[in-house]
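J.: below are the sequence and a predicted model for it; my questions follow.
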Amino acid sequence: MHPADGRPVDRVPVMCQLALGHYFLHAGHDPVDVWHDSEAFASALVTLQRRYGFDGILVNLPGRDPEWRRHVRSVEQRNGRYLIRWAEGRATILPADDNPRVVLESTGRAYEASPGEVDPDHLFYVDPHELTGVIYPTKPSHDAWRWDTLSRVRAAAPDVSVHGEVFSPFSQWIELIGCANGMMALVEDAGRVHACLERLADGAVALVRGHFDAGADAVLISSAYAGAGLISRRHYETFVLPYERRIIAASKRAFPGRPVYTHTCGAIGDRLDLMAATGTDGIDTLDPPPLGTVDLADARRRLGTAVFIKGNVDPVNTVLRGSADACYRDARERIRVAGRRGYILSTACSVPPHAPPTNIEAIVRAAEVAA
């Protein structure tokens, strides 16, 4: 994860991010527990890391309130999915093979704050993975149990690289008020957006520090709304780059040598230089066409050894729809193109819920053979 330092590597590491639905289907736990319970999710993370032989684990859900069951009014199972009703008037619709969705019982729709009513002074950190969905006003600090899952994984898997996750301030903004309103506000109320992003960056910095204090080896900044399919290069430079740069700089001051890297899926081929300008240590997911716009050889030429790169195996057309042989061949080709230094073999974005486990095992095998 530090390609410029010249240290030798014995082989290309493999670390795929699994869709939550993949854990629901293959980790041997009830989906309700995997989503809602720190211990269950930690166990699911370690179980599938051991099964597939990954070199790292991304803890991509926050630790949960150990008293979460007290807030549940009822749990029902209908048509292959769960319905969890909360005391706060919200409900979680949880498929057995896909991400949950939290809605207001009164409307059946997800909560979105009104853009004009959002007060920066009432913001700290917006987490779309909260048990009852997005909350506004936000809490002024992070609860201590937020790191329970990461701590459990660290203790159970001392031999692998454990990564925490924080949401980019721009992602938090979009999750808070919705994609359409969030994008319109960039034009109609840029001053308010910047004020909000400043506060949301504070919360992200605090979360990064907490992850490292809890034993994380690296932290991923999830910045899913920053690709060319959603915003221009100019808007990236204005609303994404300075705030991610601030988070990364603060992390490097407090935890020198511990990598912070960036996850943006989709069309990022036109902004790899801007992503690198944040000071990030690495770029994930490098989606290839037709899912994205990144040619791996071009990315390697343009980025050199300034940052590590991760991903580029097509999770849909290769890993979900293809054969184990196709996954093996594609993974070998990714290694050939990217080289052994500064590359983490991975799918571009998450492994789909219904991807055959044998296909994932074939990707890992490709790295072992190439060692």
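T.: Structure's in. What do you need?

J.: what mean pLDDT does stretch 23-43 get?
T.: What stretch 23-43 shows for mean pLDDT is 97.

J.: now that stretch: how far from the chain's centre is it?
T.: In terms of CA atoms, centre = their mean, to the nearest Å, the centre of stretch 23-43 is found 17 Å from the chain centre.

J.: likewise stretch 116-125?
T.: The chain centroid and the centroid of stretch 116-125 are separated by 23 Å under CA atoms, centre = their mean.

J.: break the chain down into its domains, please.
T.: Domain assignment of the chain by automatic domain parsing yields the ranges 3-67+111-369, 68-110.

J.: could you identify which of these is most buried?
T.: Compared across the domains of the chain, domain 3-67+111-369 shows the largest average neighbour count, a mean of 20 (mean count of other CB atoms under 10 Å). Backbone N, C-alpha and C define where each C-beta goes, glycine included.

J.: quick one: the helices in the stretch 101-250 of the chain?
T.: For the stretch 101-250 of the chain, the helices defined by DSSP state H, counting those that start in this stretch occupy 148-156, 169-177, 179-188, 190-213, 233-239, 241-254.

J.: let me have these in JSON lines, extended by distance to residue 97 and mean pLDDT.
T.: Conversion of the helices of the stretch 101-250 of the chain to JSON lines gives the following (distance: least, CB to CB, whole Å; pLDDT from 0 to 100):
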{"stretch": "helix 148-156", "distance to residue 97": "21", "mean pLDDT": "98"}
{"stretch": "helix 169-177", "distance to residue 97": "23", "mean pLDDT": "98"}
{"stretch": "helix 179-188", "distance to residue 97": "24", "mean pLDDT": "97"}
{"stretch": "helix 190-213", "distance to residue 97": "28", "mean pLDDT": "98"}
{"stretch": "helix 233-239", "distance to residue 97": "33", "mean pLDDT": "98"}
{"stretch": "helix 241-254", "distance to residue 97": "32", "mean pLDDT": "98"}
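
J.: quick one: which of those helices is nearest residue 93?
T.: helix 169-177 (17.3 Å; CB to CB).

J.: which elements pack onto the closest one?
T.: helix 179-188, helix 190-213, helix 241-254 (3 or more CB pairs under 8 Å, 6 or more residues apart in numbering; DSSP states H and E).

J.: can we see that at 10 Å?
T.: When contacts are defined as 3 or more CB pairs under 10 Å, 6 or more residues apart in numbering; DSSP states H and E, helix 169-177 sits against strand 161-167, helix 179-188, helix 190-213, strand 218-222, helix 233-239, helix 241-254.

J.: rewinding a little: could the helices of the stretch 101-250 of the chain go into JSON lines alongside distance to residue 21?
T.: Formatted as JSON lines, the helices of the stretch 101-250 of the chain follow (distance: least, CB to CB, whole Å):
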{"stretch": "helix 148-156", "distance to residue 21": "18"}
{"stretch": "helix 169-177", "distance to residue 21": "20"}
{"stretch": "helix 179-188", "distance to residue 21": "22"}
{"stretch": "helix 190-213", "distance to residue 21": "24"}
{"stretch": "helix 233-239", "distance to residue 21": "30"}
{"stretch": "helix 241-254", "distance to residue 21": "28"}
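
J.: wait, which of those is closest to residue 225?
T.: For those, distance to residue 225 was read as CB to CB. The smallest value, 4.7 Å, belongs to helix 169-177.

J.: what angle sits between that closest one and strand 161-167?
T.: Here the directions of helix 169-177 and strand 161-167 differ by 60 degrees (axes from the mean of the first three to the mean of the last three CA atoms, to 10 degrees).

J.: tilt between helix 169-177 and helix 190-213?
T.: With the same axes, to 10 degrees defining the directions, helix 169-177 sits at 110 degrees from helix 190-213.

J.: and the angle from the host helix or strand of residue 42 to strand 161-167?
T.: In the assignment (DSSP states H and E), residue 42 maps to helix 38-52. Orientation check (the same axes, to 10 degrees): helix 38-52 against strand 161-167 gives 130 degrees.

J.: need the next SSE after helix 38-52, C-terminal direction.
T.: Beyond helix 38-52 on the C-terminal side, the first helix or strand identified by DSSP H and E is strand 56-58.

J.: distance check, the closest residue to residue 99 other than its chain neighbours against residue 279.
T.: Beyond its immediate neighbours in the sequence, the residue positioned closest to residue 99 (CB to CB, 6 or more residues apart in numbering) is residue 20, lying 5.4 Å away. In this structure, residue 20 and residue 279 are separated by 29 Å, where distance is defined by CB to CB, to the nearest Å.

J.: now residue 98
T.: Computed as CB to CB, the residue 98 to residue 279 distance reads 35 Å.

J.: hang on, the earlier thing: need the helices and strands packed on helix 169-177 in CSV (columns: distance to residue 84).
T.: Output for the helices and strands packed on helix 169-177, formatted as CSV (distance: least, CB to CB, whole Å):
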stretch, distance to residue 84
strand 161-167, 23
helix 179-188, 25
helix 190-213, 25
strand 218-222, 24
helix 233-239, 34
helix 241-254, 32
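
J.: thank you kindly, that will do.
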